[in-house]
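S.K.: Attaching a predicted model along with its sequence, questions to come.
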Amino acid sequence: MQEATGDHDERNGVADGEAARSTGDAALIASIHDIERWFVRRGVPHYIERYDASTKVWTRAAPFLVVFTVAVAILAVVVEPRVDVIVDAAAAVVSPLVIWVVGNVARRRKPFTRPRRLGIADLIGWVALNTLPEAIRADWSVVPILMALDALLLGVVYLVTSYGIVPLATWGARRLVSSLASVRTAAARALPMLLLFVSFFFLTAETWQTFAHLEGPAYGVSLLLFVAVGVSFVWSSLRPDIDEMGRFDTWDDVRAVLDPADSPALRLPVAPTDAPSVVDLTRRQRINSLLLAVGNQTILAVLVAAVLGAFFLVFGFLVADEALIKAWVPGTEPHVYWALTVSGRRLVLTEELIRVSGFLATFSGFYFGVYSVTDPSFRQGLRDDSSESLRQAMAARLLYLEARRVLASNRR
């Protein structure tokens, strides 16, 4: 009788231990998910282990793709309410729903359950359904163009979503706003000279003659050249020593770095005993780290470009009338988008003005980005905690990896 009671108590003890382990694992999994969401908000989603595109990227990008394609379809119908346009728009609206239902059924899930995975087959099906009306009409000259545009859209959305560009930009913008006083002081030293310098180009006929007729890919590539050179220069100048930043002597150092960030990694229920290893990053994780490290300067340069672009649009609207544009660009009839008569003077918003303002805005961002990393006096007045933020992310990753190791050990 006593042996039976002992066996019963032993079985209860084992069951209680398994229940406690199950409860502990559930808490650990919840904490791991919290830190993964924190990585996404901080703009370093590639710090997540097993960062698979089908489960971690496209599932996050799907809502934007649906909203974007539906909005474009509706806009196309409003602009040109023809039968063929309506059919194309209907295909664009219906295709995500079809992919959603078929994908869930193929994976033996309820038809309208939120998808947990979007793979290559789903994306190919979406592109094929979008071009189905043109294929039915045998408009074979349009089909490859639409497929190429859809592929380009998917590529851009993948890069933006995969590297967390939107949350990174949002978080960086909040940091800039929080340090607005120092940003305003630093920018006030650079903007007057920049405005004087760029205004000279705006009032030069050669600038108008060059960019007033530059259209399509040539115009876009010319602007992208300045963007690429500027970003490359900023990255090479501010590039941190990632390997050195990923070194921590003790776990107390790791937690001390994370204290100001209020990271959920601090709440991970792990107590490692070994010394922390050096953060080992893959190539994509290093790229993500660089994006975080130079995010502030890039966002600031984009902000300056946007402000000066808006300034030149307003300034040009006030001073560059049709007669002046014709004098600057002989043989050109200005393409007027909008006109307003004030005190007998016709103010016009023209395509030529938009093109010139776009170039000058891009050039201003390029100039400001280069100036901001080469002038010591500018950087002294600008609070930039990008390196500190990157070190916090690396510290969080160490605790995150330790939590995953503990979870894997518990499941053996």
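M.R.: Okay, I see it.
S.K.: Could you measure from the closest residue to F368 other than its chain neighbours over to L360?
M.R.: Leaving aside its sequence neighbours, F368 sits nearest to V304 (Cβ to Cβ, 6 or more residues apart in numbering; 4.5 Å). Placement of C-beta: from N, CA and C, glycine included. Per Cβ to Cβ, to the nearest Å, V304 is found 12 Å from L360.
S.K.: ok, P260 - how many residues close by?
M.R.: By other Cβ atoms under 10 Å, the residues close to P260 number 11.
S.K.: and it, what does it touch?
M.R.: Counting by Cβ atoms under 8 Å, 6 or more residues apart in numbering, P260 makes contact with Q392.
S.K.: just for the stretch 251-400 of the chain, where's the confidence low?
M.R.: 270-271, 296, 376-385 (pLDDT under 70).
S.K.: where do the strands sit along it?
M.R.: 336-342, 345-350 (DSSP state E, counting those that start in this stretch).
S.K.: C-alpha coordinates for the first one, PDB please?
M.R.: Once non-C-alpha atoms are left out, strand 336-342 reads as follows in PDB (Å, rounded to 0.1, in the frame of the first residue of the first chain):
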ATOM      1  CA  VAL A 336       0.800  74.200 -66.800                       C
ATOM      2  CA  TYR A 337      -0.800  72.000 -64.100                       C
ATOM      3  CA  TRP A 338      -2.400  74.800 -62.200                       C
ATOM      4  CA  ALA A 339      -2.700  78.600 -62.500                       C
ATOM      5  CA  LEU A 340      -3.700  81.400 -60.200                       C
ATOM      6  CA  THR A 341      -4.100  85.000 -61.000                       C
ATOM      7  CA  VAL A 342      -3.000  87.500 -58.300                       C
END
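S.K.: elements contacting that strand?
M.R.: strand 345-350 (3 or more Cβ pairs under 8 Å, 6 or more residues apart in numbering; DSSP states H and E).
S.K.: If I take the strand it packs on and strand 336-342, what angle do their directions form?
M.R.: Put simply, strand 345-350 runs at 160 degrees to strand 336-342, going by axes from the mean of the first three to the mean of the last three Cα atoms, to 10 degrees.
S.K.: send the alpha carbons of strand 345-350 over as PDB?
M.R.: Below are the C-alpha coordinates for strand 345-350, written out as PDB (Å, rounded to 0.1, in the frame of the first residue of the first chain):
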ATOM      1  CA  ARG A 345      -0.200  88.400 -62.600                       C
ATOM      2  CA  ARG A 346      -0.700  84.800 -63.700                       C
ATOM      3  CA  LEU A 347       1.100  82.400 -61.300                       C
ATOM      4  CA  VAL A 348       1.700  78.900 -62.700                       C
ATOM      5  CA  LEU A 349       2.700  75.500 -61.400                       C
ATOM      6  CA  THR A 350       4.400  73.800 -64.300                       C
END
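S.K.: returning to what we had before: and A320, which of the strands of the stretch 251-400 of the chain is closest to it?
M.R.: With Cβ to Cβ as the measure, strand 345-350 is the member of these nearest A320 (7.6 Å).
S.K.: Tell me which strands the closest one pairs with, and in which orientation.
M.R.: Strand 345-350 pairs in its sheet with strand 336-342 (antiparallel), by DSSP bridges.
S.K.: Relative to the whole chain's centre, how far out is the partner strand?
M.R.: Strand 336-342 sits 36 Å away from the centroid of its parent chain (Cα atoms, centre = their mean, to the nearest Å).
S.K.: Which residues does that strand contact?
M.R.: With Cβ under 8 Å, 6+ apart as the test, strand 336-342 has contacts from E322, R346, L347, V348, L349, T350, E351, I354.
S.K.: Pretty sure the last one sits against L313.
M.R.: Just to be clear, that refers to I354. Yes - using Cβ atoms under 8 Å, I354 makes contact with L313 at a distance of 7.1 Å.
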